[in-house]
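**Student:** fold the following, please.
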Amino acid sequence: MEKYLKMLPEEIVNRIIQYTYNPQPAILLEDIRNYSYTLHIIGKVYYERWIVGEHECEPEDRNWLANDIHLFITRDDALNMTFITDILSRHVRIRNDLHAIRYFTILDRLDTEHELRVYWGLMTPDERQRMMAIYSHD
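**Tutor:** Residues are numbered from 1 along each chain as shown. Below you'll find the model as predicted:
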């Protein structure tokens, strides 16, 4: 990386470097730590349940996890035609039910890991804890 910075004009390098020193809010840093830690923990729970316990093949554990996160986010209400929830409305691309449906379709086409990480990132630490409490004890 340093090699590439030397190729740039000095004034651009100085502009880039000033952003590396900006302290981040404590609440954001805690959210990032919580995201990583809780995703690791719930991932282990699902691995134990589906790969070890049910003898499924990987990545079936991640598929189930993404599905359960989706159910949690949409309030587990398949009959409700309202897709937008407090959690989904945090995404900059989702402003109404049509946006939510389109976004679900896009995420369905991507790999499961991407889908579950997007959903997990939209949740607050409290919501992640609630989801873990609900889906970790089936």
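**Student:** drop to CA atoms for contacts and neighbour counts, all remaining ones
**Tutor:** Fine.
**Student:** low-confidence regions, this structure specifically.
**Tutor:** 1-2, 5, 76-85, 137-138 (pLDDT under 70).
**Student:** mind giving me the packing neighbours of the helix or strand harbouring residue 12?
**Tutor:** Assigned by DSSP states H and E, residue 12 belongs to helix 10-20. Judged by 3 or more CA pairs under 8 Å, 6 or more residues apart in numbering; DSSP states H and E, helix 10-20 has no packing partners among the helices and strands.
**Student:** CA atoms only: put it into CSV for me.
**Tutor:** Only the C-alpha atoms of helix 10-20 are listed here, as CSV (Å, rounded to 0.1, in the frame of the first residue of the first chain):
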residue,chain,number,x,y,z
GLU,A,10,2.1,14.7,-2.1
GLU,A,11,-0.9,17.0,-1.7
ILE,A,12,-3.3,14.0,-2.4
VAL,A,13,-1.4,11.8,0.0
ASN,A,14,-1.7,14.5,2.7
ARG,A,15,-5.4,14.7,2.0
ILE,A,16,-5.8,10.9,2.4
ILE,A,17,-3.7,10.6,5.5
GLN,A,18,-5.7,13.3,7.4
TYR,A,19,-8.8,11.0,7.2
THR,A,20,-6.9,8.1,8.8
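**Student:** gap between the closest residue to residue 93 other than its chain neighbours and residue 111?
**Tutor:** Distances taken as CA to CA, 6 or more residues apart in numbering put residue 99 closest to residue 93, at 6.9 Å, once the chain neighbours are dropped. Between residue 99 and residue 111 the computed distance is 20 Å (CA to CA, to the nearest Å).
**Student:** alright, I will stop here.
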